[in-house]
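Engineer: no FASTA, just this:
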């Protein structure tokens, strides 16, 4: 082995800076595009919003035309050969006409400012489950070492309220005995909410039932004045606890005859006990859920044209995109004879970068419009009849239709939503794999899933359809689908198997 130098010639695809910027803007949803434009304006002094006064110029001063096109930089040949500053004015006009403008520099009114300050005072940090538990363990009268161990246990409780680490793992991490951890765990399981720190669904249900039983037993009033309570009497709670502890498989199936036979209790008592179990919380930490609000702004709207119902009306939303232009002041400054060469080169670079950004932004909107039109044309029946009529469609199909690579289509639909008569739909929902039926017919994977959902919704609850029966029904309709494929689609739809759907 030795070190040596050698020449090698090969071919490879290298993306130009202009193309990289275009692809970057293409995959930004309209909700985030405004921030991207503002960031570009902040780092490039040549770009500005219409109406903003240029340095050294009065607001509203019209840009002067360039006398010598050679004074300006030209665009890279792969974007638009021979471009000069004369085209910038036309590009500015086209960009202003095509995009809406939001004046971000306009000061808020006094009333809106007061409302904004008032709303800020209402913002509070939501309480989370771990904080609530840490607050409670301070009242358990624990020593310093035990308090640290209890905090370690709480730190391993997830948002659903379950302890996701074993007592052995916690003991090993803290260098103490497993028995010590189990003793503290029992104390934590007595805290609120009921069922907290359980290690399984069975344990969570048992903890909640035990808490209810202790509450009734500790209430002398409930025992003396309500010996025959029908809402949650002790016998039914005890029976529910026995079902959860001993017969979880039958409980999952709601097998009332089987539970009645094994436990030796009347079917009516079993039914009441199951009703009590059904009112328990399978996720004890659910009350502390604080999901973040998801604001979705559609990038396009597609609907039925009222004047011509046979056609679709397509609208690309650009009203949130700020209007930008190349500053007339800097274009005028570039023609100045007093400008030194170093400043001139700097301005040329910034002007070329500004033009590339405007070009990429315009190209981004036109590409998204072409992709939207192609999707709408390919999935025409969806807008009238819904997901069950989605046709097989791939990124390659759309790319071939509009003349771009499928990776460009993938970037164009990334994180974007379309407003349709069927609701607000992600772009990616329109794409589905092909499934072959009889006589060469093709079915969309998503349409098949919707047909499976429809069959299950119409089934007899006392005799639900098995996966094999669903496959047989689809076969009669002309779709060849294996039983295991039906089971996979049913799992994706989050539908239980037939033996768990049966209502006896």
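Structural biologist: Received it, and whenever you're ready, just let me know what you need. These numbers were taken from a predicted model, which means no experiment stands behind them.

Engineer: from here on, contacts and neighbour counts on C-alpha atoms
Structural biologist: OK.

Engineer: and the strands in the protein?
Structural biologist: 47-48, 300-304, 312-316, 325-326, 417-420, 423-426, 434-436, 442-444 (DSSP state E).

Engineer: comparing those strands by mean pLDDT, which bottoms out?
Structural biologist: If those are sorted by mean pLDDT, strand 434-436 sits at the bottom with a mean of 61.

Engineer: biggest helix in the protein by residues?
Structural biologist: For the chain, the helix reaching the highest residue count under DSSP state H is reported as helix 341-378.

Engineer: break this structure down into its domains, please.
Structural biologist: Domains of the chain are assigned by automatic domain parsing as 17-52+83-104+296-431, 200-286, 434-501.

Engineer: of all those, which lies closest to residue 148?
Structural biologist: Evaluated with Cα to Cα, those place domain 200-286 nearest to residue 148, the distance being 21.9 Å.

Engineer: what about the stretch 51-200 of the chain, any weak spots by pLDDT?
Structural biologist: Counting by pLDDT under 70, the stretch 51-200 of the chain contains low-confidence ranges at 51-127.

Engineer: burial of the closest residue to residue 204 other than its chain neighbours, as a residue count?
Structural biologist: Leaving out its chain neighbours, the residue that sits closest to residue 204 by Cα to Cα, 6 or more residues apart in numbering is residue 195, at 4.5 Å. Close neighbours of residue 195, defined as other Cα atoms under 10 Å, add up to 31.

Engineer: quick one: which of the domains of the chain is nearest residue 185?
Structural biologist: Minimum separation from residue 185 across those (Cα to Cα) falls at domain 200-286, 12.3 Å.

Engineer: and that closest one, how far apart are its ends?
Structural biologist: 15 Å (Cα to Cα, to the nearest Å).

Engineer: re the thing from before, of the strands of the chain, which is nearest residue 240?
Structural biologist: When the strands of the chain are compared by Cα to Cα, strand 423-426 sits nearest residue 240, at 42.8 Å.

Engineer: remind me what the closest one packs against, helices and strands.
Structural biologist: strand 417-420 (3 or more Cα pairs under 8 Å, 6 or more residues apart in numbering; DSSP states H and E).

Engineer: can you list the strands that the strand it packs on pairs with?
Structural biologist: Partner strands for strand 417-420, per DSSP bridges, with pairing direction: strand 300-304 (parallel), strand 423-426 (antiparallel).

Engineer: mind listing what's buried along stretch 196-205?
Structural biologist: 196-199, 201-205 (16 or more other Cα atoms under 10 Å).

Engineer: where does pLDDT dip in the stretch 301-450 of the chain?
Structural biologist: Per-residue confidence for the stretch 301-450 of the chain (pLDDT under 70) gives these ranges: 434-443.

Engineer: please redo it, this time with the cut-off set to 80
Structural biologist: Filtered on pLDDT under 80, the stretch 301-450 of the chain yields the residue ranges 309, 320, 387-389, 432-447.

Engineer: right, and residue 425 touches residue 413 too?
Structural biologist: No: counting by Cα atoms under 8 Å, residue 425 sits too far from residue 413 to count as a contact (11.4 Å).

Engineer: and those two? Which one has more around it.
Structural biologist: Applying other Cα under 10 Å to residue 425 and residue 413 shows that residue 413 carries more neighbours, namely 23 against 15.

Engineer: now that one, nearest residue through space, not along the chain?
Structural biologist: The shortest distance from residue 413 to any residue other than its chain neighbours is 5.5 Å, reached at residue 427 (Cα to Cα, 6+ apart).

Engineer: can you pull out the helices in the stretch 401-504 of the chain?
Structural biologist: Under the criterion DSSP state H, counting those that start in this stretch, the stretch 401-504 of the chain contains helices at 406-413, 445-457, 467-476, 483-492, 498-501.

Engineer: what's the closest non-adjacent residue to residue 49?
Structural biologist: In space, residue 49 is closest to residue 324, 4.5 Å off (Cα to Cα, 6+ apart).

Engineer: wait, isn't residue 373 in contact with residue 314?
Structural biologist: Yes: under the criterion of Cα under 8 Å, residue 373 lies in contact with residue 314, with a separation of 7.2 Å.

Engineer: related to what we said a few turns ago, distance to residue 243 added to the helices of the stretch 401-504 of the chain, as JSON lines?
Structural biologist: Compiled in JSON lines, those are given as follows (distance: least, Cα to Cα, whole Å):
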{"stretch": "helix 406-413", "distance to residue 243": "50"}
{"stretch": "helix 445-457", "distance to residue 243": "29"}
{"stretch": "helix 467-476", "distance to residue 243": "29"}
{"stretch": "helix 483-492", "distance to residue 243": "27"}
{"stretch": "helix 498-501", "distance to residue 243": "17"}
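
Engineer: so for residue 268, which of these sits nearest?
Structural biologist: With Cα to Cα as the measure, helix 498-501 is the member of those nearest residue 268 (20.4 Å).

Engineer: show me what counts as buried in that closest one.
Structural biologist: Going through helix 498-501 with 16+ other Cα under 10 Å, the ones that come out buried are 498, 501.

Engineer: state the mean pLDDT of it.
Structural biologist: Along helix 498-501, the predicted local confidence has a mean pLDDT of 80.

Engineer: give me the distance from it to the chain's centre.
Structural biologist: Centroid separation for helix 498-501 versus its chain: 30 Å, with Cα atoms, centre = their mean, to the nearest Å.

Engineer: now for the spatially closest residue to residue 398 that is not a sequence neighbour: which residues touch it?
Structural biologist: Nearest non-adjacent residue to residue 398, counting by Cα to Cα, 6+ apart: residue 374, 6.3 Å away. Contact analysis of residue 374 by Cα atoms under 8 Å, 6 or more residues apart in numbering lists 398, 401-402.

Engineer: with residue 426 instead?
Structural biologist: When contacts are counted by Cα under 8 Å, 6+ apart, residue 426 is found next to 415-418.

Engineer: show me what it is bridged to.
Structural biologist: Legend: beta-bridge partners of residue 426 under DSSP bridges are residue 417.

Engineer: which residues are contacting stretch 6-26?
Structural biologist: Contacts for stretch 6-26 (Cα under 8 Å, 6+ apart): 33, 76, 79, 356-357, 360-361, 363-365, 367-368, 408, 411-412.

Engineer: distance to residue 7 added to the domains of the chain, as a markdown table?
Structural biologist: Rendered in a markdown table, the data for the domains of the chain read as follows (distance: least, Cα to Cα, whole Å):
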| stretch | distance to residue 7 |
| --- | --- |
| domain 17-52+83-104+296-431 | 26 |
| domain 200-286 | 64 |
| domain 434-501 | 48 |
